[in-house]
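J.: When you get a sec, could you give me coordinates for this:
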Amino acid sequence: MARSLLLCLLILMVLPLHLFAAVACGGPTPCRVLDGNYRIELPKDGDIRGAYVFFHGYKSSAELQMQQRPLVDTTLSHHLAYIAVDGIDGSWAFPHSARPGRDEKTFIASVFDDLRQRYGFMPDKTIVGGFSIGASMAWYTACQQGDKAAAMVTFSGVFWDPLPRADDCIADIPPIIHFHGTADQTFPLAGRSIGANFHQGNAYDSMAILRARAKCDVKDAKAITLDGIKCDDVPGCIRGDSIMCIHAGGHEAPADMLDAGLTAIGFPR
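T.: Next up is the predicted model:
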């Protein structure tokens with residue numbers, strides 16, 4: 001009996017990655033991919049128009065993120081699947097982060113591939129998002145493989161120092177909506193040092209990098225309002241507007257802001 005069980009486990013270990021897509025997942029069951037997993041919840045009415053791929057904040061996890069019902073339920077109300085990607089011990093190993101380890105670019109590419117193979121979510125229906133250090137992960141994802149997403153909606157986190165150069169990113173930067181609070185002391189707009197060796201980046205400088213790479217027309221910037229927040233909307237980018245919304249709050253990702261952001265990028269309720 002023990003020998004048979006061991007044989008089965010060895011067979012599973014050598015199965016090609018794409019065969020994992022045949023294994024059912026969702027709800028309490030994570031979807032396993034190369035070097036990690038994600039969790040997913042689909043709109044119950046079957047009207048599914050895309051997916052919001054969310055990277056959790058520090059000391060959280062995909063399992064805990066699925067318990068943040070205001071964000072999950074708001075996403076579902078926009079006819080989008082909610083996907084919580086699982087970090088490493090509550091963090092992410094993006095460039096210059098304090099958490100080394102997994103090759104996040106390869107891991108996230110495997111998440112995108114699995115979402116396409118398992119659920120049919122193509123890049124034009126996939127939105128990337130995140131909160132705090134998870135928002136940083138979303139920014140590096142947009143920089144490195146933004147062609148795999150239709151847009152990005154993030155909260156309270158950007159690049160880390162040293163910031164990437166514009167030409168470090170691909171040209172195919174997706175449309176962006178970023179929310180950040182002037183009272184945020186965890187990831188301030190100007191960034192801050194984390195210990196002696198790590199430093200969060202400046203939000204305005206980070207946005208300028210992606211706008212430069214996307215060839216946005218900064219001189220034609222206009223003011224718009226999302227969820228009662230005055231936002232800086234820069235048009236003329238390669239794939240769509242770049243919007244930065246600075247509010248008076250702190251380190252947060254409110255469902256009302258997500259609601260406004262998803263609507264503004266073309267996924268209304």
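
J.: show me what contacts Lys44?
T.: Remark: with contacts taken as C-beta atoms under 8 Å, 6 or more residues apart in numbering, Lys44 is in contact with Leu76. In short, each C-beta sits where N, CA and C put it, glycine included.

J.: Confirm it sits in a helix?
T.: No - assignment of Lys44 by DSSP: H, G, I helix; E, B strand; the rest coil gives coil, placing it outside any helix.

J.: which one's the longest helix in this protein?
T.: With DSSP state H setting the assignment, residue counts place helix 104-119 as the longest helix in the chain.

J.: Packing partners of that helix?
T.: Using 3 or more C-beta pairs under 8 Å, 6 or more residues apart in numbering; DSSP states H and E as the contact criterion, the elements in contact with helix 104-119 are strand 31-33, strand 36-41, strand 50-55, strand 80-85, helix 133-145.

J.: Neighbouring strands of the very next helix or strand once past it in the sheet, and parallel or not?
T.: Downstream of helix 104-119, the first helix or strand assigned by DSSP states H and E is strand 126-131. Its sheet considered, strand 126-131 pairs with strand 50-55 (parallel), strand 151-155 (parallel) by DSSP bridges.

J.: Hmm, Ala138 is touching Val128, no?
T.: Yes - counting by C-beta atoms under 8 Å, Val128 is a contact partner of Ala138 at 4.9 Å.

J.: Which residues are in contact with each of the two?
T.: For the pair Ala138 and Val128, residues contacting each of them under the criterion C-beta under 8 Å, 6+ apart are 55, 152, 154.

J.: which one of the residues you listed has the most neighbours?
T.: Neighbours here are counted as other C-beta atoms under 10 Å. On that basis the top member of the shared contacts of Ala138 and Val128 is Phe55, with 33 neighbours.

J.: For Gln67, see how far away that one is.
T.: When C-beta to C-beta, to the nearest Å is applied, the distance between Phe55 and Gln67 equals 16 Å.

J.: Mind putting the helices and strands packed on helix 104-119 into JSON lines with distance to Asn202 and mean pLDDT?
T.: Formatted as JSON lines, the entries for the helices and strands packed on helix 104-119 read as follows, by distance: least, C-beta to C-beta, whole Å; pLDDT from 0 to 100:
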{"stretch": "strand 31-33", "distance to Asn202": "33", "mean pLDDT": "98"}
{"stretch": "strand 36-41", "distance to Asn202": "30", "mean pLDDT": "98"}
{"stretch": "strand 50-55", "distance to Asn202": "20", "mean pLDDT": "98"}
{"stretch": "strand 80-85", "distance to Asn202": "25", "mean pLDDT": "98"}
{"stretch": "helix 133-145", "distance to Asn202": "12", "mean pLDDT": "98"}
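
J.: Kindly present the ones you listed as CSV, with separate columns for distance to Leu115.
T.: CSV is the format used below for the helices and strands packed on helix 104-119 (distance: least, C-beta to C-beta, whole Å):
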stretch, distance to Leu115
strand 31-33, 8
strand 36-41, 8
strand 50-55, 6
strand 80-85, 7
helix 133-145, 13
